[in-house]
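>>> Following is a predicted model, sequence given first.
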Amino acid sequence: MLTEPEITKIKKTLGRDPTIEEFSTFDALWSEHCSYKSSKRWFHLFYTESERVALGIGEGAGLIDVGEDLLVGLGLESHNHPSAVDPFNGASTGVGGIIRDILSQGCRPIAILDNLRFGLPFQNRQKLLLDQVILGISSYGNCVGVPNLGGDLEFDENFEENPLVNAMCVGVVDKDKIIRSVAKNSGDILVLYGGKTGLDGIGGVTFASEVFSDSNNTLEQRGSVQIGDPLTEKKLIDVTLEISEHLSALQDLGGGGLVCAAVEMAEKGGKGVHLNLNEVHTQIDDIKAWQRLISESQERMLAIINPANLKKITESLDKFEVEWSVVGEINESKLFTAEFNGENVAELPVDFVINGFPEPPRPMTEPDRPIFNSNRRSGGDDLQIALSLLQSVDLASRKEVFIQYDQHVQGNTVVSPFNGGGVLLLPNRKYLSIASGTNSFLVNQSPKLGAELASLEILHKIVSRGGTPIGLVDSLNFGNPDFPDSYWEFVEAIKGVANFSQQLKIPVVGGNVSLYNEKQTESARKKILPSPFIGIIGISDQAPTSPVLTTVNSRIFLIGSNKGQLIGSQYHKQVSTPTNMKKLEVYYEEEQKLMGFLTSFQLTAARHIGRGGLLVSLIKWLIESKVGFKANRALVNLGVEEKFGEFAPRFLIQVRPEEEVELKGKMRDLKINFVDLGRTSSEEVFIYNNNSHTLKELEEAWNKPMKEALNL
Amino acid sequence: MEIGVFRFPGTNNEHETLRALNNFEGVSANLIEYKDLQRINDQDAFVIPGGFSFGDILRAGAIAKTTETVQLLRDETLSGKLVFGICNGFQILTEAGLLPGALLPNRHTRFVSKFINIKISDDKLFGDLFNQVMRIPIAHFEGNYWNTTRPDGVLARYSDIDGRDTEDSNPNGSLDNIAGMVKNSVAGMMPHPERAFFKHQGSTDGRKILKVFVEAIKC
């Protein structure tokens, strides 16, 4: 909803009351979702320039040069509010939306990743949300034929009212086939193609820019949720790639609908745009002018074309059975105008619609927050603690989720997403590694440092495949920015992601902001844990380092730092509050050294050390690899920070007997610390300090929580 | 040799299928839009690739089977031309009655995508591979093979790595672990040989299956 100062500014600037169509235009375009009015002011902090960046922040997708005249496009977006109300359709249209963002730049979509947050999956509502969101992503992504290459999933009671559904899409386009979302020529015409415009998703962006409360019942908000049709989306992809060379500009219809796409493209080109709303092809006749402007019905694209190309383009559209209509034209007026039933219903300066919003002041204060106190203390020795972490819902295997997504469609998947990030073979024969996620629990302990360390965990997944990071996108999910504590968390996390990008020179090429993820009840506010998702892509000329152990009678080394950090770790969350609460630290120099080693030296297998720390990651690696292991005393004798600490520059690597001398020499030269943890064996057993567990037994324990959550 | 690869609205495995087939010497695999009926007669054989033809509305393959394309295809098979349906292609062929049985939703009514093993059971068309165990990915929602009786002409069965058709190795609840069927000149399977074709895909067993198919066209 427009605020009082915004309405005042509109009336004062226009010198009159806006029409309902104009009011709807402002309501959509000045929403946080479209305007970034609370966030844009911080974007200058990001590292954004590198010689690989072909298109940075500002359009549907960022584009990164990967050589041989090939560009990789990437985008990451939230679809939280719709998914809370209608999880199946909310999640599936989230996938559809980010695919079209990539498509807007002319990219063929080649991978989807999704980042999900729910309440603890022990009660029916949370189980239902989880199940329906997965089904929504699965049914849509599989049907459009884009493989799922990863993502992450976290549970916490703070996501009960506001689950998070974020989706990332990656695509490829030849350099000479890029499409921009900029109206360049007066006299060009606007072709709207794809699904029919209907009454679904009316006011979606306004809905997403408000908090849930007891008074705005989620059932009543169903009309704000879009309904997805993946078959139309698939046709949209096919036809767009066929006609792309004949288009002057293209943008998908996402948040804010037709008016948003038309006015944004006009503004980028410094032009004016006129729409004839009677021409819009609709689901039913009785759709009012303002609804035609802001409907968020799915699977629609707005192309700007030279009229001479209309015949060629519409022949293709007809061939693919995609509906279209010519809905307007570009002119020099620098005005947005619209007509309906012969009447002019809108006349607004384009620049004012895009840039005229009064910047909200957004005060911020660091909240007083007690240190998280673990109340789930589980006892036992280190191995028992590791096994209890392995069987917790936080660390349980996500296999039962991932097998519901097609991972191999298109035939380019080299590494499936089970073990962190995925890897694809690109058309230029290079390997693209992809991973996305964050660590909401950690970020909540310390938003800036947490965002940096959570981003490093994603990066570790890329470099353990041998990929050199070349670009990142973010999607920032936070509580209501009207509250100074929420806004403080948001700004701190932006600073964290920005510092990560600056320190490691990984350009930020796109992003999305989702605020208002909280529920206001009479007695209290319930806001989500701050969740700055990031997605990173990495590139490599060589086939990826294996995510699973490939040989027996080899050694597993811990390389890099011995210790991890306990604050914000799963040990902290589930076992015991660390006694030494020193501040979190980030070690960029050590990170860079290890990154150089992993990306330049051809290792046979490597693994990041993720949630739960060293011991849990080691056990997971053995299960994933179906390779047995006998632990050395050196491993057994490590302390708690070594075994359970997280967020440190360190990895697990496989060392085969024939390469041991060379590898050790290399690491000594580079001053990389290493510890020999033990030897792999063909017998599928994990032997640790006189304890012995079969991998089958461990795997069943690791799989159990998600099976239960999904009622399998 | 000309192999026609059909694209219905919603087909989404056409590119990798074309890429795999065109990798064989002497093969020219052609993308044929489903309405492009005049091209059908020029082809020596056909592949219906995977995907979600017509969005799998009603049932997988239920709309595609009513198209003139599939009617014409039926005539082509009568003259002995080979047709191979993969995943959605297999579903279309069973819907059309060109292969016996039906493909129901998976036992757990969830989509399943993973590498599995199959053992080739057909000793005729795919006889060169008889009893071989192959590692190939599946990706489907409706792959639970069903028939009123135990059918003849089983092409392949889901198995463990040693070729035993155990309950554990059955990913979708199929009758007798059936993963594919063959009848006269028509074959179909749920697994995706075109996704286990090149080295980067983690298995090249699918190449053997498509090779046998391509060589059978020459005969």
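Noted; the coordinates are in hand. Note that the coordinates shown come from a computational prediction; the quantities given were computed from them, not determined experimentally. Numbering: from 1, shown residues only, chains lettered A, B, ... in the order given.
>>> Identify the residue spatially nearest to residue A:691, adjacent ones excluded.
residue A:383 (5.7 Å; C-beta to C-beta, 6 or more residues apart in numbering or on different chains). In this view, the C-beta of every residue, glycine as well, is placed from N, C-alpha and C.
>>> now swap in residue A:290 and tell me
residue A:24 (4.1 Å).
>>> Following element in sequence after whichever strand or helix holds that neighbour, please.
Using DSSP states H and E, residue A:24 maps to helix A:20-29. Going down the chain from helix A:20-29, the next helix or strand is helix A:32-35, by DSSP H and E.
>>> quick check, the residue nearest to residue A:691 in a helix?
Yes - with DSSP: H, G, I helix; E, B strand; the rest coil as the criterion, residue A:383 is assigned to a helix.
>>> I'd like to know how many residues surround it.
As a burial measure, residue A:383 scores 19 neighbours (other C-beta atoms under 10 Å in any protein chain shown).
>>> how close does it get to chain B?
Applying C-beta to the nearest C-beta, to the nearest Å, one obtains 29 Å for the distance of residue A:383 from chain B.
>>> Next up, the contacts around that residue.
By C-beta atoms under 8 Å, 6 or more residues apart in numbering or on different chains, the contact set of residue A:383 is A:615, A:688-689, A:691.
>>> Tell me which of those fall in strands.
Mapping the contacts of residue A:383 onto strands (DSSP state E) picks out A:688, A:691.
>>> What's the PyMOL syntax to select whichever of the contacts of residue A:383 are buried?
PyMOL command restricting the contacts of residue A:383 to the buried ones, with burial defined by 16 or more other C-beta atoms under 10 Å in any protein chain shown:
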select buried, chain A and resi 615+688
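>>> Just send the contacts of residue A:383 back as TSV, with pLDDT and distance to residue A:388 too.
Supplementary listing: those in TSV, determined by pLDDT from 0 to 100; distance: C-beta to C-beta, whole Å:
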residue	pLDDT	distance to residue A:388
A:615	98	11
A:688	97	15
A:689	94	16
A:691	95	14
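>>> Of the contacts of residue A:383, which is the nearest to residue B:103?
residue A:615 (44.3 Å; C-beta to C-beta).
>>> That closest one and residue A:386 touch, don't they?
Yes - the criterion here is C-beta atoms under 8 Å, and residue A:615 meets it with residue A:386 at 4.2 Å.
>>> what residues does chain B put near chain A?
Proximity of chain B to chain A is confined to B:9-10, B:12-13, B:15-16, B:19-20, B:33, B:50-52, B:54-57, B:108, B:110-114, B:137, B:139, B:141, B:192, B:194-195, B:197-198, B:200-202 under the rule C-beta under 8 Å from any C-beta of the partner chain.
>>> Can you flag the buried ones in those residues?
Buried, going by 16+ other C-beta under 10 Å: B:9-10, B:12-13, B:15-16, B:19-20, B:33, B:50-52, B:54-56, B:108, B:110-113, B:137, B:139, B:141, B:192, B:194-195, B:197-198, B:200-202, out of the residues of chain B next to chain A.
>>> Among those residues, which ones are in helices?
The members of these that map onto helices under DSSP state H are B:15-16, B:19-20.
>>> could I get the helix holding residue A:24 in PDB with only the CA atoms?
Output of helix A:20-29 as PDB, limited to C-alpha atoms (Å, rounded to 0.1, in the frame of the first residue of the first chain):
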ATOM      1  CA  ILE A  20      -7.400   4.500 -10.300                       C
ATOM      2  CA  GLU A  21      -5.200   3.200 -13.100                       C
ATOM      3  CA  GLU A  22      -2.400   5.700 -12.100                       C
ATOM      4  CA  PHE A  23      -2.900   4.900  -8.500                       C
ATOM      5  CA  SER A  24      -2.400   1.200  -9.200                       C
ATOM      6  CA  THR A  25       0.700   2.000 -11.300                       C
ATOM      7  CA  PHE A  26       2.300   3.800  -8.300                       C
ATOM      8  CA  ASP A  27       1.100   1.100  -5.900                       C
ATOM      9  CA  ALA A  28       3.000  -1.500  -8.000                       C
ATOM     10  CA  LEU A  29       6.000   0.400  -9.000                       C
END
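>>> Could you check it and say which residues are buried?
Those would be A:21-29, for helix A:20-29 by 16+ other C-beta under 10 Å.
>>> Repeat that for stretch A:497-514.
Across stretch A:497-514, burial judged by 16+ other C-beta under 10 Å covers A:497-501, A:503-504, A:506-514.
>>> measure it end to end?
16 Å (C-alpha to C-alpha, to the nearest Å).
>>> Residue of chain B closest to chain A, please.
residue B:12 (2.6 Å; C-beta to the nearest C-beta).
>>> Just the CA atoms from stretch B:44-54 would do, formatted as CSV, please.
Output of stretch B:44-54 as CSV, limited to C-alpha atoms (Å, rounded to 0.1, in the frame of the first residue of the first chain):
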residue,chain,number,x,y,z
ASP,B,44,13.7,-44.3,-41.7
ALA,B,45,12.8,-44.5,-38.0
PHE,B,46,11.5,-42.5,-35.2
VAL,B,47,12.2,-41.5,-31.6
ILE,B,48,9.7,-39.9,-29.3
PRO,B,49,11.8,-38.2,-26.6
GLY,B,50,10.9,-37.5,-23.0
GLY,B,51,9.1,-34.5,-21.5
PHE,B,52,5.6,-33.5,-20.7
SER,B,53,3.7,-33.6,-24.0
PHE,B,54,0.7,-31.2,-23.7
